[in-house]
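J.: Provided below are the primary sequence and the corresponding predicted coordinates.
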Amino acid sequence: MFVAKVTGSLISTQKVATMVGFKLLIVEPYRIEPKERQSLTTTGRTFVAVDTLGAGIGDYVILTQGSSARLTPETKTLPIDAVVVGIVDKVQVDEGTVYSRD
C-alpha cells in the first residue's frame, strides 16, 4: 500500500462489462520528504486507479496495487491493477503532523 494524491479523473465510455459503473481516478504516489520529514512530496509517477469510496480531486488516498487490488469484495472480478482502499485523514511522522485533511 502507498499514499497517493488524486489529481484527476478518467472517463471511458467503452470498456469491459465488469468495469461499467466504476469511477476511474488519476492518482500520483507521494512519499515523505526525506530531509526534513515534514511534508509529502510527489514521486513523479501517475496511475489510473478504481475508486470504490468516493474520493475526489485533491484527496490523499491509500492505494493498493497488483494482485492485492483484486482482493476487495467490489473488485474481485475486475481486470484492474490499482484500487483506492482508503481516504487519508491524517499523516503523522516522528510525532509531527505531515498532512491533515481538516
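T.: Looks like it arrived, so ask away. Numbering: from 1, shown residues only.
J.: now the strands: where do they sit in the chain?
T.: With strands called from DSSP state E, the chain shows them at 2-10, 23-32, 40-42, 47-51, 60-65, 82-87, 90-93, 96-100.
J.: if we compare these, which one ends up closest to residue 72?
T.: Among these, strand 82-87 comes nearest to residue 72, with 6.3 Å by C-beta to C-beta. For the C-beta atoms, the positions are set from N, CA and C on the backbone; glycine is no exception.
J.: Quick one: distance of the closest one to the chain centre.
T.: Mean-position distance between strand 82-87 and its chain equals 5 Å (C-alpha atoms, centre = their mean, to the nearest Å).
J.: Do I have it right that residue 25 meets residue 46?
T.: No - assessed by C-beta atoms under 8 Å, residue 25 is found out of contact with residue 46, at 10.2 Å.
J.: Would you mind telling me which of these two has more residues around it?
T.: When neighbours are counted by other C-beta atoms under 10 Å, residue 25 and residue 46 differ, and residue 25 comes out ahead with 24 against 14.
J.: pLDDT at that one, what is it?
T.: Reported pLDDT at residue 25 in the predicted model: 98.
J.: ok, now residue 67?
T.: Value listed for residue 67 in the pLDDT field: 87.
J.: The lowest-mean-pLDDT helix or strand in the chain pairs with which strands, and in what direction?
T.: Per-element confidence for the chain was summarised using mean pLDDT, DSSP states H and E. The lowest value among helices and strands belongs to strand 96-100, with a mean of 91. Applying DSSP bridges to the sheet, strand 96-100 is found paired with strand 90-93 (antiparallel).
J.: Take the strands of the chain and write them to CSV, including distance to residue 75.
T.: As requested, those are arranged in CSV below (distance: least, C-beta to C-beta, whole Å):
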stretch, distance to residue 75
strand 2-10, 16
strand 23-32, 12
strand 40-42, 25
strand 47-51, 6
strand 60-65, 10
strand 82-87, 5
strand 90-93, 25
strand 96-100, 26
